[in-house]
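1. fold the following, please.
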Amino acid sequence: MSDYETILYEVTGNRATITLNRPDSLNGIVNQLMRELYDCLNRVAMDQDVRVVLFTGAGKGFCPGVDLKAATSGNKQEPNRKEYFHITTLLHEMPKVTVAGINGACAGAGFGWACACDLRYATARATFNSAFLGVAISGDMGGPWLLPRIVGAARARELFFMSQKFGADVAEEIGLVNKTFPDETFRDDVDAIVNRLAKSAPLAIGEMKKNFINAENMPLRDYIEIETERHSRTGASADTQEAFRAFVEKRDPVFQGR
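-> Numbers count the residues shown, from 1 in each chain. Predicted coordinates:
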């Protein structure tokens, strides 16, 4: 269970759930949340038993970005550190499948964090906004690197420069989210996806995640060399042999991560 104050962290079997837990501000970001989330993501990235991470928010919001009331209150916050901005890097590159369960308002840094995840699912009432230009900030959390890879360069620029709120239906239409679910079934629907991923072969799913990260930054010829090596190595694993036998015997495979 969680040992943090602004987030909840729970590991069940081969899945982890990280929940931003400042519901009174729709999970607006303060420096303490940044520190705790950065620590938690490093922790889960090193957990060999975890195959998939659900990243979501408590209450009615996912994350609207910085808590502007806290930021303008005059109350002193703990120092922020440069490495905390690599929350985005951890969500995007850790050798786990990261799933954003977007249960409400998603804007600013929260928008960037959602884009950093491998998969994004939204409740029908979720709203989205890049938001930065609306508060005279150029932006952080990697949105201009991530979003063009999801929705295309022209659309990404429009979403950032126009800084207009849009709904889950538009997010699904432009491919920002993989699917939208009804409010009343949202968590069950997302949990079903996460639980299915958690049953995947741990070696194969981890190496598949690495394939996508390498493919973003490498020429095809160089990438094929790495992909082929991983394919051969995972193909020789005991898990692969178990998957073959399970398929022939028409049963669920039992993976051991070797």
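2. quick check: which element contains Ala156?
-> In the assignment (DSSP states H and E), Ala156 maps to helix 153-162.
3. packing partners for whichever helix or strand comes after that helix?
-> Counting by DSSP H and E, the element after helix 153-162 in chain order, helix or strand, is strand 166-167. Helices and strands in packing contact with strand 166-167 are listed as strand 127-129; criterion 3 or more Cβ pairs under 8 Å, 6 or more residues apart in numbering; DSSP states H and E. All C-beta atoms are positioned from the backbone trio N, CA, C, and that covers glycine.
4. who does the strand it packs on touch, helix- and strand-wise?
-> strand 105-107, helix 108-116, strand 166-167, helix 168-173.
5. please identify which of the ones you listed is closest to Gly74.
-> When the helices and strands packed on strand 127-129 are compared by Cβ to Cβ, helix 108-116 sits nearest Gly74, at 21.1 Å.
6. now do that closest one: distance to the chain's middle.
-> Centre-to-centre, helix 108-116 and its host chain are 9 Å apart (Cα atoms, centre = their mean, to the nearest Å).
7. reformat the helices and strands packed on strand 127-129 as TSV; add mean pLDDT and mean neighbour count.
-> TSV is the format used below for the helices and strands packed on strand 127-129 (pLDDT from 0 to 100; neighbours: other Cβ atoms under 10 Å):
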stretch	mean pLDDT	mean neighbour count
strand 105-107	97	27
helix 108-116	97	27
strand 166-167	98	16
helix 168-173	98	17
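8. reformat those as a markdown table; add distance to Gly61.
-> Converted to a markdown table, these look like this (distance: least, Cβ to Cβ, whole Å):
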| stretch | distance to Gly61 |
| --- | --- |
| strand 105-107 | 5 |
| helix 108-116 | 8 |
| strand 166-167 | 15 |
| helix 168-173 | 14 |
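9. what does the helix holding Ala156 rub up against?
-> Contacts made with helix 153-162 from outside it, assessed by Cβ atoms under 8 Å, 6 or more residues apart in numbering, are listed as Ser130, Phe132, Leu133, Gly139, Gly143, Pro144, Leu147, Pro148, Ile150, Val151, Phe166, Ile174.
10. what's around the first one, how many residues?
-> This means Ser130. Ser130: 26 surrounding residues under other Cβ atoms under 10 Å.
11. what residue lies at the spatial centre of this structure?
-> Averaging the C-alpha coordinates of the chain gives a centre point, and the residue nearest to it by Cα atoms, centre = their mean is Cys117 (2.7 Å).
12. residues contacting that residue?
-> For Cys117, the contact set (Cβ under 8 Å, 6+ apart) comprises Phe55, Leu91, His92, Thr98, Val99, Ala100.
13. all helices for the stretch 101-250 of the chain, in order.
-> Read by DSSP state H, counting those that start in this stretch, the stretch 101-250 of the chain holds these helices, from start to end of the chain: 108-116, 143-151, 153-162, 168-173, 186-198, 202-215, 220-235, 238-249.
14. now those helices in a markdown table, with distance to Met34?
-> Formatted as a markdown table, the entries for these read as follows, by distance: least, Cβ to Cβ, whole Å:
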| stretch | distance to Met34 |
| --- | --- |
| helix 108-116 | 9 |
| helix 143-151 | 16 |
| helix 153-162 | 22 |
| helix 168-173 | 25 |
| helix 186-198 | 24 |
| helix 202-215 | 23 |
| helix 220-235 | 33 |
| helix 238-249 | 37 |
